[in-house]
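# Sharing a model prediction with you, sequence too.
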Amino acid sequence: MEISFDIHRTCNSIKIDACRNKRSIAFAKLFLHEHPAQNCAWLTEIYVSPKFRGRGIGSKVLLQANGIVSDLALPAFLYAHSSELPQRILLRFYAKHGWTQLNNLFYGVKPNYMYYLPEGVQKDALSPVFQGFIRSMYNV
């Protein structure tokens, strides 16, 4: 199946549309978060139309997102959750594409937070970035 990608960028977000015959069949959204210690990206959403699931399209969209994050040289985070898939399957999907689970050390958050480090981005930037984001999102 032939798929093309359209990338739409605003000042603080990037949307990746996977298109077939000029119609979007899947997408991913990245939020670009500015932080004093290290800017980062959050993969806030990934979606594949039910009619096109099970064909590797989600993997292709996620790899596009990984490539954008790598081009920007930013660490990236996500909160793995789905109303349709069991957690273990979801975590395995992201892990297969280079994402790693964060442990439970940050404010007692659940272990379904994951991160992706492009080549050349230092792992020591993860702690202050993640903690700063959790503080700003949850007023901790």
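Structure's in. What do you need?
# make it CA atoms for all contacts and neighbour counts henceforth
Fine.
# What residues sit buried inside the helix or strand harbouring G58?
Taking DSSP states H and E as the criterion, G58 maps to helix 57-72. By neighbour count with 16 or more other C-alpha atoms under 10 Å, helix 57-72 contains the buried residues 57-62, 64-66, 68-70.
# chain center to it: distance?
On the basis of C-alpha atoms, centre = their mean, to the nearest Å, helix 57-72 sits 8 Å off its chain's mean C-alpha point.
# now swap in stretch 70-79 and tell me
Computed by C-alpha atoms, centre = their mean, the separation of stretch 70-79 from the middle of its chain amounts to 7 Å.
# what's the answer for stretch 10-27, then?
For stretch 10-27, the distance to the chain centre is 14 Å (C-alpha atoms, centre = their mean).
# strand partners of the helix or strand following the helix holding G58, parallel vs antiparallel please.
Downstream of helix 57-72, the first helix or strand assigned by DSSP H and E is strand 76-79. Here strand 76-79 is paired, per DSSP bridges, with strand 40-48 (parallel), strand 113-116 (antiparallel).
# can you map out the helices along the chain?
57-72, 87-96, 126-138 (DSSP state H).
# With only the CA atoms kept, save the longest one in CSV.
Extracted in CSV, the C-alpha atoms of helix 57-72 (Å, rounded to 0.1, in the frame of the first residue of the first chain):
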residue,chain,number,x,y,z
ILE,A,57,0.8,2.0,9.3
GLY,A,58,1.1,2.9,13.0
SER,A,59,4.7,1.8,12.9
LYS,A,60,5.4,4.0,9.9
VAL,A,61,3.8,7.0,11.5
LEU,A,62,5.7,6.5,14.7
LEU,A,63,9.0,6.1,12.8
GLN,A,64,8.2,9.4,11.0
ALA,A,65,7.7,11.0,14.5
ASN,A,66,11.0,9.5,15.7
GLY,A,67,12.8,10.9,12.7
ILE,A,68,11.4,14.4,13.3
VAL,A,69,12.5,14.2,17.0
SER,A,70,15.9,13.0,15.8
ASP,A,71,16.2,15.9,13.3
LEU,A,72,15.3,18.4,16.1
